[in-house]
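Trainee: Quick check, what structure comes out for this input:
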Amino acid sequence: MRDTGYRILANGITVSNDTWATGLANHDLIIGPTGGGKTRSYVVPNLLSSQESFIVTDTKGSLRRQVGGILERRGFRVLELDFTDVLHSPWGYNPLRYIRWDGDRQCWNEQDIITVAAVLVPVTSRTDPFWDLSARNYAEALIGYTLDNLPQEEHTLVSVAKLFAEAETGILDELMREYCTICSDSFAAMRWKGLQGGRKADKTYSSILAILSQKLSNYSFGGVQALFQNPNQIDFAAISQEPTAVFVHVSDCDFSLQNLTSLFYTQALQALIAEADSRPDSRLQIPVRLYLDDFANLIIPDMDKTISVIRSREISVSIALQSVTQLDGLYGHDKAMTIIDNCDHLLYLGGQSVETARFISTKANKPASAILNLPLGKAWLFERGNSPREVKKYDLTRHPLYRQLPEYAAQRAVPEQEDEEEPQLMAAAGL
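Mentor: Model prediction:
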């Protein structure tokens, strides 16, 4: 097994990535406000020292520029997927490419289709999910039809959106009637026939169409088609076979492709789990970490269950949030707590959220006022099996590779610093 190195949590504090030796899950939860140091004191230092392959959310596109060259010199394959400019993204991503073909049954994997539809059409109302679930079933029928009837080069969400556009013309009905006659037992046909009962109520059916129209409207333009048909497609299994860094550039102000980004991470986790399960020891050849910055903008179905089962497969996540209430809002309280409980390291970097302060104060056994008044350079570190600790945020300028960062070239006045932790960090970085 390849040396997986260490993670940097705070000044003078690292933790081994060997989950078998530590007995701890390698999942981290980082909570802090905008500008609180989630990227500078946690993400960047760990990318520089990484001995694992990783996928990282690059909100501003700056991480690739900062550390990409350093990682390439360290032997990493560096890939960039740009959801902010899909027309010119260096690497492509086609969700339908990851729907598996079942050779034994001669059909497409229904669970994969259901997963894609679940992310594209998430349930937005827990009290009245009927409308979203019905629109989701419609999407499943369209995806299944696309895979069964169109040539492979047209297996994209653009084809699904174009097919849906024919719902108003009556052409879609004709296609599906013919298809249901020929392939009456297929997954797509069963889903389509199940929807026909709702057509008797015109307003109900129109509402379902309106929901799906809104969900699919962003997949009908040329830029996203270029992303789907880019010859350089991300191969999730290959990430675990050679040291690879994948930078996923997403916008922090344009959320039009938010569901596509969520689908990318959902399928990445599924593909990596499948790759691990295909190996004799059910562990990835090279561990893979997902740095999920701005996690509140991602919706990964069953994340509470997934995070509970990936540890033994050498898959880990680092979840960055501004407050615990964001997690509650996404998944509901019970599922949010399950996600938090599976993170054996929690790093709290401060903030103004009273609810989060109360949560941290309970864990730290301190007054909430003390948590809210945490000095800017300090953090609280919680590790399962150890007492809570107030620590200093990691100072990026002390990293042994800091002088290779572009910012050092622009700030050559930074004095050289050496201390007792540098040899350990050098070893963790394989230097």
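
Trainee: Do you have the strands of the protein handy? List them.
Mentor: Remark: strands assigned in the chain by DSSP state E are 6-10, 13-16, 28-31, 53-58, 77-82, 101-102, 107-108, 244-249, 288-292, 315-321, 345-348, 378-383, 389-392.

Trainee: Let me have the ones you listed in JSON lines, adding distance to residue 212 as columns.
Mentor: From N, CA and C alone the C-beta is placed, and that goes for glycine too. Shown next, in JSON lines, are those (distance: least, Cβ to Cβ, whole Å):
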{"stretch": "strand 6-10", "distance to residue 212": "42"}
{"stretch": "strand 13-16", "distance to residue 212": "45"}
{"stretch": "strand 28-31", "distance to residue 212": "34"}
{"stretch": "strand 53-58", "distance to residue 212": "27"}
{"stretch": "strand 77-82", "distance to residue 212": "26"}
{"stretch": "strand 101-102", "distance to residue 212": "25"}
{"stretch": "strand 107-108", "distance to residue 212": "20"}
{"stretch": "strand 244-249", "distance to residue 212": "26"}
{"stretch": "strand 288-292", "distance to residue 212": "27"}
{"stretch": "strand 315-321", "distance to residue 212": "30"}
{"stretch": "strand 345-348", "distance to residue 212": "39"}
{"stretch": "strand 378-383", "distance to residue 212": "43"}
{"stretch": "strand 389-392", "distance to residue 212": "48"}
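
Trainee: now these as TSV including mean neighbour count, distance to residue 270 and mean pLDDT?
Mentor: Below are these laid out as TSV (neighbours: other Cβ atoms under 10 Å; distance: least, Cβ to Cβ, whole Å; pLDDT from 0 to 100):
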stretch	mean neighbour count	distance to residue 270	mean pLDDT
strand 6-10	23	24	96
strand 13-16	18	27	96
strand 28-31	25	21	98
strand 53-58	25	13	97
strand 77-82	19	17	97
strand 101-102	11	15	95
strand 107-108	20	15	96
strand 244-249	24	16	98
strand 288-292	25	12	97
strand 315-321	25	11	97
strand 345-348	24	25	98
strand 378-383	20	29	98
strand 389-392	15	35	97
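
Trainee: Let me know which of the ones you listed is the nearest to residue 225.
Mentor: Nearest of the strands of the chain to residue 225, taken as Cβ to Cβ: strand 77-82 at 14.9 Å.

Trainee: Return the list of strands paired to that closest one, each annotated with direction.
Mentor: strand 244-249 (parallel) (DSSP bridges).

Trainee: List the residues that contact the residue nearest to residue 110 when sequence neighbours are not counted.
Mentor: Excluding its sequence neighbours, the residue lying closest to residue 110 (Cβ to Cβ, 6 or more residues apart in numbering) is residue 187, at 4.8 Å. Shown in contact with residue 187 (Cβ atoms under 8 Å, 6 or more residues apart in numbering): 107, 108, 110, 113, 140, 144.

Trainee: pretty sure the fourth one contacts residue 99?
Mentor: Yes - at 6.0 Å, residue 113 counts as touching residue 99 under the criterion of Cβ atoms under 8 Å.

Trainee: between these two, who's got more neighbours?
Mentor: With neighbours defined as other Cβ atoms under 10 Å, residue 113 and residue 99 compare such that residue 113 has more, 24 against 21.

Trainee: Just the pLDDT for residue 263.
Mentor: If you check residue 263, the pLDDT there is 96.

Trainee: any idea how far it is from residue 96?
Mentor: 10 Å (Cβ to Cβ, to the nearest Å).

Trainee: Could you tell me which residues touch both of residue 113 and residue 99?
Mentor: With Cβ under 8 Å, 6+ apart as the test, residue 113 and residue 99 both reach 143, 147.

Trainee: what's the overlap in contacts for residue 263 and residue 96?
Mentor: Common neighbours of residue 263 and residue 96, using Cβ under 8 Å, 6+ apart, are residue 116.

Trainee: okay, those two: which has more neighbours?
Mentor: The residue with more neighbours, out of residue 263 and residue 96, is residue 263; 25 against 22, by other Cβ under 10 Å.

Trainee: so what's the more buried one up against?
Mentor: 95, 116, 119, 120.

Trainee: and if we set it to 6 Å?
Mentor: The contact partners of residue 263, taken as Cβ atoms under 6 Å, 6 or more residues apart in numbering, are 95, 119.

Trainee: again, but for residue 390
Mentor: Residue 390 neighbours (Cβ under 6 Å, 6+ apart): 378, 380.

Trainee: hey, what's it bridged with?
Mentor: residue 380.

Trainee: so what's residue 370 closest to, chain neighbours aside?
Mentor: residue 361 (7.2 Å).

Trainee: Would you mind confirming that that neighbour is in contact with residue 368?
Mentor: Yes - applying Cβ atoms under 6 Å, one finds residue 361 in contact with residue 368, separated by 4.3 Å.

Trainee: And the pLDDT at the residue nearest to residue 110?
Mentor: So residue 187 comes in at 96 (pLDDT).

Trainee: do you know how far it is from residue 113?
Mentor: Separation of residue 187 from residue 113 (Cβ to Cβ) stands at 7 Å.

Trainee: shared neighbours of those two, which are they?
Mentor: The overlap between the contact sets of residue 187 and residue 113 (Cβ under 6 Å, 6+ apart) consists of residue 144.

Trainee: Residue 126: how many residues sit nearby?
Mentor: Neighbours of residue 126 (other Cβ under 10 Å): 7.

Trainee: what does the domain assignment say about this structure?
Mentor: The record's domain parsing of the chain by automatic domain parsing lists 6-93+234-428, 97-223.

Trainee: starting at the chain centroid, how far to the last one?
Mentor: When distances are taken as Cα atoms, centre = their mean, to the nearest Å, domain 97-223 is centred 24 Å away from the chain's centroid.

Trainee: Look up how far residue 353 lies from the residue lying closest to residue 329 once chain neighbours are set aside.
Mentor: Leaving aside its sequence neighbours, residue 329 sits nearest to residue 296 (Cβ to Cβ, 6+ apart; 7.5 Å). From residue 296 across to residue 353, the span is 12 Å (Cβ to Cβ).

Trainee: who's more crowded, those two?
Mentor: The neighbour comparison of residue 296 against residue 353 (other Cβ under 10 Å) goes to residue 353, with 20 against 17.

Trainee: Apart from its chain neighbours, what residue comes closest to that one?
Mentor: Per Cβ to Cβ, 6+ apart, closest to residue 353 is residue 323, 3.9 Å.

Trainee: same check, this time on residue 59
Mentor: Residue 59's closest residue in space is residue 252 (Cβ to Cβ, 6+ apart), at 4.8 Å.
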